[in-house]
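**Q** All I have is the shape, not the residue letters:
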């Protein structure tokens, strides 16, 4: 199905995972709308990975306090399903800076790893406590 260009994100569910593609402007309302839709989906309970593709993001309207708000929102879903690894495909300098800020939160809801391409996400590698779950979840 072609992407819905009126919404700046798409969700593509896979076996045990989801690929979220953001495009255009990355703002707090759209990030929270994306997370809310995922958490409300019945497939959320079996989710083991989320690949967040931000390569098509050309403007970032997020500030550091938004990252804290996103993390606060994710606390509820992380209690329901703490076993999700977030893999972010990012090249935009501001996206990378904000991801680094999120990674510094001692109480962050989810672990995340950053890659520069979708191909790099699909390369098997050590994923810490997620390795066993991820081995058969992310097809090469």
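**A** Nice, I can see it. Keep in mind the model is a prediction, meaning the values are calculated, not measured.
**Q** which residue is nearest the middle of this structure?
**A** Centrality entry for the chain: nearest residue to the mean C-alpha point is residue 52, 3.9 Å, by Cα atoms, centre = their mean.
**Q** looking at this, residue 39 is in a helix?
**A** Yes: the assignment for residue 39 is a helix, going by DSSP: H, G, I helix; E, B strand; the rest coil.
**Q** can I assume residue 17 is in contact with residue 47?
**A** Yes: using Cβ atoms under 8 Å, residue 17 makes contact with residue 47 at a distance of 6.4 Å. Quick note: C-beta positions are derived from backbone N, CA and C, even for glycine.
**Q** distance of residue 63 from residue 98?
**A** Distance, residue 63 to residue 98, using Cβ to Cβ, to the nearest Å: 8 Å.
**Q** neighbour-wise, which of those two wins?
**A** residue 98 (20 against 12; other Cβ atoms under 10 Å).
**Q** contacting residues around the more buried one?
**A** 60, 62, 64, 67 (Cβ atoms under 8 Å, 6 or more residues apart in numbering).
**Q** pLDDT averaged over the helix or strand containing it - what is it?
**A** Using DSSP states H and E, residue 98 maps to helix 93-103. Per-residue pLDDT over helix 93-103 has a mean of 95.
**Q** Return the distance of that helix from the chain's centre.
**A** 13 Å (Cα atoms, centre = their mean, to the nearest Å).
**Q** Buried residues, that helix. List them.
**A** 95, 98-99, 102 (16 or more other Cβ atoms under 10 Å).
**Q** From these, pick the one nearest residue 35.
**A** Of all the buried residues of helix 93-103, residue 35 sits closest to residue 102, with 13.0 Å by Cβ to Cβ.
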